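Trainee: quick one: sequence and predicted model below, then my questions.
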Protein chains: 2
Amino acid sequence: MWPFGLLVIWSFILNDQWTEGPINQATKIQGGFVPKKSDIPKATVTRLSKYLRFLEYENERGRETISSREVGERLQYTDTQVRKDLTYFGQFGSPGVGYHVEELIGEIRKILGTDRKWQVAVVGIGNLGRALAANKSFLQKGFEVVALYDNAPDVIGMEVAGMTVQNVDAFSDYIRENEISLAVIAVPATEAQKVVDLMVKAEIKGFLNFAPIHPVAPDDVFFVTVDLAVLFEQLTFRIGHGSR
Amino acid sequence: MWPFGLLVIWSFILNDQWTEGPINQATKIQGGFVPKKSDIPKATVTRLSKYLRFLEYENERGRETISSREVGERLQYTDTQVRKDLTYFGQFGSPGVGYHVEELIGEIRKILGTDRKWQVAVVGIGNLGRALAANKSFLQKGFEVVALYDNAPDVIGMEVAGMTVQNVDAFSDYIRENEISLAVIAVPATEAQKVVDLMVKAEIKGFLNFAPIHPVAPDDVFFVTVDLAVLFEQLTFRIGHGSR
């Protein structure tokens, strides 16, 4: 079985091929921004997720409209920031009324691509893979783990979270037939590139990568790599510098 | 035992109390920056970790000096970005020679606070907690998991990764005596605030939080919250928009 050990050699929390800021400056026309797709800052996309979580939370509590000021206040951004982030994607909300909560949820989901459901395969059924497989809350957010893979004979065939672990060498057909386009890589560094190669052939387009390498893949394949050491270092930096 | 389920209600990948950009503008004096501690952008801290990983990798291969251009090229930043990030913390490297690799590793570790060793407690020994407990690679980066806690009678007393799982209700003395200042929260939302309250009393200063809430704590306590849904949404956004 693939262990979750050796997590961090020099992988990165986020794909380093996605640069930190806007790639090009937005073109300012008649006081408004006409952004190219590549102009959208990574931080904006992260904030959209945060806005979405908060709006979903308020929607469940029956909230119908909300102002950019309140969204900002609760998440500790300025209302200007909130409006600017949304302006990249169109015109939302009305002056004096604010945003219609349910409508904005729909719009942000459309922007993020979670207005459709995404089926996810998990590769590497060690402790981390099991934790992810058992996580039913993804479903609410548009993500469903539907297939589990490993290469160890004692793990293949095992039932985990209601799914049978399959042999990683035989997943291409299943993935294509079931329109799975996301995969979680929870295998050691030595196996990660091989897994990515196989999965790219099976037309997986996005990887959440916990392996301690930065795999090579074609330009239309995307990675988000989680590096726990980077997260720990952000904590220790903040403890040392006292900055929130 | 605490399951890893219900991961994401509306927690955030990073502590929302830490704003995205510099909190104040750095004061420009005689062509140089005199940054306040609160001026350092979050993205700079993340990049420092990336520089560190790359430098460690090169150091292991016997590399003695390196230029900002090469660091930048390999990590796909500009050399200006690399120099600017380091300038926040002092004067490193010499023109024409570049950075002394081992020296810069030492300096970045000092900045990040990992020139000392950090002892880590893991709370919640489900699949995720086990995965973290077994991860020996943290040690190299300055982090060592030294204590495991749970609240389930069938888990307390169990041996995991060479450690005995202890009762979460009794950890204060052990944590203080052993100078543990970081904790990983791998418990469900309903337990997270209680765990944080206990751990803050035991003088834990930083939390890597996998629970789906944003816990409340005093100002000198820091959180990095990992929200897998946010990471997935970044992937699906990029797949939809074709931006790297």
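Mentor: That came through fine.
Trainee: residue boundaries of the helices in chain A?
Mentor: For chain A, the helices defined by DSSP state H occupy A:42-60, A:68-75, A:79-87, A:101-112, A:127-133, A:138-141, A:172-177, A:189-201, A:228-241.
Trainee: in the longest one, what's buried?
Mentor: By neighbour count, with 16 or more other Cβ atoms under 10 Å in any protein chain shown as the criterion, the buried positions of helix A:42-60 are A:42-56, A:58. Using the backbone N, CA and C atoms, a C-beta is placed for each residue, glycine as well.
Trainee: same check, this time on the third one
Mentor: Of the residues in helix A:79-87, those with enough neighbours to count as buried (16+ other Cβ under 10 Å) are A:81-86.
Trainee: quick one, it and helix A:42-60 angle?
Mentor: Here helix A:79-87 runs at 100 degrees with respect to helix A:42-60, directions being taken by axes from the mean of the first three to the mean of the last three Cα atoms, to 10 degrees.
Trainee: how far off centre is helix A:79-87?
Mentor: Computed by Cα atoms, centre = their mean, to the nearest Å, the chain-centroid distance of helix A:79-87 equals 21 Å.
Trainee: same for it, what does it pack against?
Mentor: helix A:42-60, helix A:68-75 (3 or more Cβ pairs under 8 Å, 6 or more residues apart in numbering or on different chains; DSSP states H and E).
Trainee: and that helix, C-alpha only, in PDB?
Mentor: Extracted in PDB, the C-alpha atoms of helix A:79-87 (Å, rounded to 0.1, in the frame of the first residue of the first chain):
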ATOM      1  CA  ASP A  79     -16.300  46.100   0.100                       C
ATOM      2  CA  THR A  80     -14.300  47.500  -2.800                       C
ATOM      3  CA  GLN A  81     -12.300  44.300  -2.900                       C
ATOM      4  CA  VAL A  82     -15.500  42.200  -3.000                       C
ATOM      5  CA  ARG A  83     -16.900  44.300  -5.900                       C
ATOM      6  CA  LYS A  84     -13.600  44.300  -7.800                       C
ATOM      7  CA  ASP A  85     -13.400  40.600  -7.600                       C
ATOM      8  CA  LEU A  86     -16.900  40.100  -9.000                       C
ATOM      9  CA  THR A  87     -16.400  42.800 -11.600                       C
END
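Trainee: any residues touching it, and which ones?
Mentor: By Cβ atoms under 8 Å, 6 or more residues apart in numbering or on different chains, the residues outside helix A:79-87 that reach it are A:32-33, A:44, A:47-48, A:51, A:67-69, A:71-73, A:92-93, B:20.
Trainee: most neighbours among those residues, which one?
Mentor: Counting neighbours by other Cβ atoms under 10 Å in any protein chain shown, residue A:71 comes out on top of these with 26 neighbours.
Trainee: what is the nearest of the buried residues of helix A:79-87 to chain B?
Mentor: Nearest to chain B, judged by Cβ to the nearest Cβ, of the buried residues of helix A:79-87 is residue A:81 at 7.9 Å.
Trainee: pipe the helices of chain A into JSON lines and attach distance to residue A:209 and mean pLDDT per row.
Mentor: Converted to JSON lines, the helices of chain A look like this (distance: least, Cβ to Cβ, whole Å; pLDDT from 0 to 100):
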{"stretch": "helix A:42-60", "distance to residue A:209": "16", "mean pLDDT": "91"}
{"stretch": "helix A:68-75", "distance to residue A:209": "27", "mean pLDDT": "92"}
{"stretch": "helix A:79-87", "distance to residue A:209": "26", "mean pLDDT": "94"}
{"stretch": "helix A:101-112", "distance to residue A:209": "19", "mean pLDDT": "95"}
{"stretch": "helix A:127-133", "distance to residue A:209": "12", "mean pLDDT": "91"}
{"stretch": "helix A:138-141", "distance to residue A:209": "17", "mean pLDDT": "80"}
{"stretch": "helix A:172-177", "distance to residue A:209": "17", "mean pLDDT": "83"}
{"stretch": "helix A:189-201", "distance to residue A:209": "7", "mean pLDDT": "91"}
{"stretch": "helix A:228-241", "distance to residue A:209": "12", "mean pLDDT": "91"}
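Trainee: I'd like those helices as a markdown table, with distance to residue B:62 appended.
Mentor: Below are the helices of chain A laid out as a markdown table (distance: least, Cβ to Cβ, whole Å):
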| stretch | distance to residue B:62 |
| --- | --- |
| helix A:42-60 | 34 |
| helix A:68-75 | 47 |
| helix A:79-87 | 46 |
| helix A:101-112 | 45 |
| helix A:127-133 | 33 |
| helix A:138-141 | 44 |
| helix A:172-177 | 41 |
| helix A:189-201 | 21 |
| helix A:228-241 | 23 |
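Trainee: between these, which one is nearest to residue B:98?
Mentor: When the helices of chain A are compared for distance to residue B:98 using Cβ to Cβ, the nearest one is helix A:228-241, at 23.2 Å.
Trainee: what's the closest one packed up against?
Mentor: Applying 3+ Cβ pairs under 8 Å, 6+ apart, we find helix A:228-241 packed against helix B:42-60, helix B:101-112, strand B:118-123, helix B:138-141, strand B:182-185, strand B:206-209, strand B:222-225.
Trainee: same list (the ones you listed) but as TSV, adding distance to residue B:199.
Mentor: Below are the helices and strands packed on helix A:228-241 laid out as TSV (distance: least, Cβ to Cβ, whole Å):
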stretch	distance to residue B:199
helix B:42-60	23
helix B:101-112	22
strand B:118-123	7
helix B:138-141	19
strand B:182-185	5
strand B:206-209	7
strand B:222-225	11
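Trainee: still on that earlier bit, for the contacts of helix A:79-87, work out which two are farthest apart.
Mentor: Farthest pair in these, by Cβ to Cβ: A:32 and A:73, 25.3 Å.
Trainee: for chain B, see how far away residue A:47 is.
Mentor: 7 Å (Cβ to the nearest Cβ, to the nearest Å).
Trainee: give me every residue that touches that residue.
Mentor: If you count contacts by Cβ under 8 Å, 6+ apart, then residue A:47 has A:75, A:77, A:81-82, A:85, B:20 around it.
Trainee: looking at the residues you listed, which is nearest residue B:211?
Mentor: Distances from residue B:211 to the contacts of residue A:47, taken as Cβ to Cβ, are shortest for residue A:75 (18.2 Å).
Trainee: so what pLDDT did residue A:183 get?
Mentor: With respect to pLDDT, residue A:183 scores 95.
Trainee: what's the answer for the one 3 residues further on, then?
Mentor: Residue A:186 is assigned a pLDDT of 93 by the prediction.
Trainee: and residue A:145, by the same measure?
Mentor: Residue A:145 is assigned a pLDDT of 93 by the prediction.
Trainee: with residue A:180 instead?
Mentor: Value listed for residue A:180 in the pLDDT field: 92.
Trainee: which residue ranges make up the domains of chain A?
Mentor: Per automatic domain parsing, the domain ranges recorded for chain A read A:40-111, A:118-230.
Trainee: show the backbone phi and psi for residue A:115.
Mentor: The phi and psi values for residue A:115, taken as degrees, to the nearest 10, are phi -80, psi -10.
Trainee: hey, which strand is longest across chain A?
Mentor: Longest strand in chain A by number of residues (criterion: DSSP state E): strand A:143-150.
Trainee: mind listing what that one pairs with, with the direction of each?
Mentor: strand A:118-123 (parallel), strand A:166-167 (parallel) (DSSP bridges).
Trainee: put the alpha carbons of stretch A:102-114 into CSV.
Mentor: C-alpha atoms of stretch A:102-114 as CSV (Å, rounded to 0.1, in the frame of the first residue of the first chain):
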residue,chain,number,x,y,z
GLU,A,102,-29.2,32.7,-4.4
GLU,A,103,-28.5,34.4,-7.7
LEU,A,104,-25.0,35.3,-6.7
ILE,A,105,-24.4,31.7,-5.5
GLY,A,106,-25.4,30.5,-8.9
GLU,A,107,-23.2,33.0,-10.7
ILE,A,108,-20.1,32.2,-8.6
ARG,A,109,-20.7,28.5,-9.1
LYS,A,110,-20.9,29.1,-12.8
ILE,A,111,-17.6,31.0,-12.6
LEU,A,112,-15.9,28.3,-10.6
GLY,A,113,-17.3,25.6,-12.8
THR,A,114,-19.2,23.9,-10.0
